[in-house]
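Visitor: Have a look at this fold, sequence not included:
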């Protein structure tokens with residue numbers, strides 16, 4: 001709760017918010033792993049006349065993560081090119097720039113890791129977001145980051161390859177840092193970064209299944225996504 005006499009410092013202060021986010025890139029790079037190719041013939045994704053097909057097993061889950069990272073990377077690229085960013089404070093420009101860099105790195109990581117098994121580029125639709133409005137941009141960023149964390153948490157149980165699971169764990173920790181930073185920009189000094197909408201009575205982050213995540217993401221993705229082969 002905010003003190004009426006003392007201005008709250010926020011979850012992350014102005015001087016160290018960027019240090020908080022800098023661990024994002026280091027988190028993935030520090031894994032010391034390169035997920036090469038997924039080039040087995042049975043893992044190659046058949047082409048579709050419309051939409052994309054994620055596939056099955058670990059390849060399908062990696063494509064699922066790749067689809068989400070494509071969405072986030074496209075969003076932050078639009079933020080950087082929008083009116084809100086042009087008029088934002090130096091602090092918020094730094095934060096948004098870092099988030100764009102991280103999400104772009106995640107997208108390129110999955111694209112390289114999947115190789116010929118990677119789905120095609122998705123067509124996005126951000127017409128519901130006003131990129132000249134701070135309120136609209138931060139609300140959308142909150143939606144994307146919270147969704148990303150819940151998606152990785154929900155998918156982790158189905159990943160069979162331990163190396164892939166390690167990478168997913170490192171990426172979801174970055175997404176959680178992003179989510180906390182965005183929530184602090186929206187409501188500085190609150191406990192919203194770990195509110196009841198995210199954390200259950202056992203102190204555990206919520207999870208979402210494939211259907212819930214892709215249904216939510218479909219608001220912003222025009223490309224049909226076939227995820228029928230993902231585990232349930």
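Guide: Right, received. Where do you want to start? Every value quoted in this text rests on a predicted model; they were computed, and no experiment measured them.

Visitor: Can you list the buried residues in stretch 87-101?
Guide: Within stretch 87-101, the residues that count as buried by 16 or more other CB atoms under 10 Å are 88, 92, 95-101. To be clear about C-beta, it is placed using only N, CA and C from the backbone, and glycine gets the same treatment.

Visitor: Could you tell me which of the residues you listed belong to helices?
Guide: In helices, judged by DSSP state H, the following of the buried residues of stretch 87-101 are found: 92, 95-101.

Visitor: Quick check: closest non-adjacent residue to the spatially most central residue of the chain.
Guide: Closest residue to the average C-alpha location of the chain: residue 148 at 4.1 Å, with CA atoms, centre = their mean. Using CB to CB, 6 or more residues apart in numbering and skipping residues adjacent in sequence, the residue nearest residue 148 is residue 175, 4.4 Å away.

Visitor: I'd say the one you found and residue 145 touch.
Guide: Yes - between residue 175 and residue 145 there is a contact under CB atoms under 8 Å: 6.0 Å.

Visitor: So for the two, which sits in the more crowded spot?
Guide: A direct count of neighbours by other CB atoms under 10 Å for residue 175 and residue 145 places residue 175 higher, at 27 against 24.

Visitor: In the protein, where is pLDDT below threshold?
Guide: 1-49, 191-197 (pLDDT under 70).

Visitor: hey, where'd the helices end up in it?
Guide: Applying DSSP H to the chain gives helices spanning 17-29, 57-80, 83-87, 90-114, 134-155, 162-186, 210-217.
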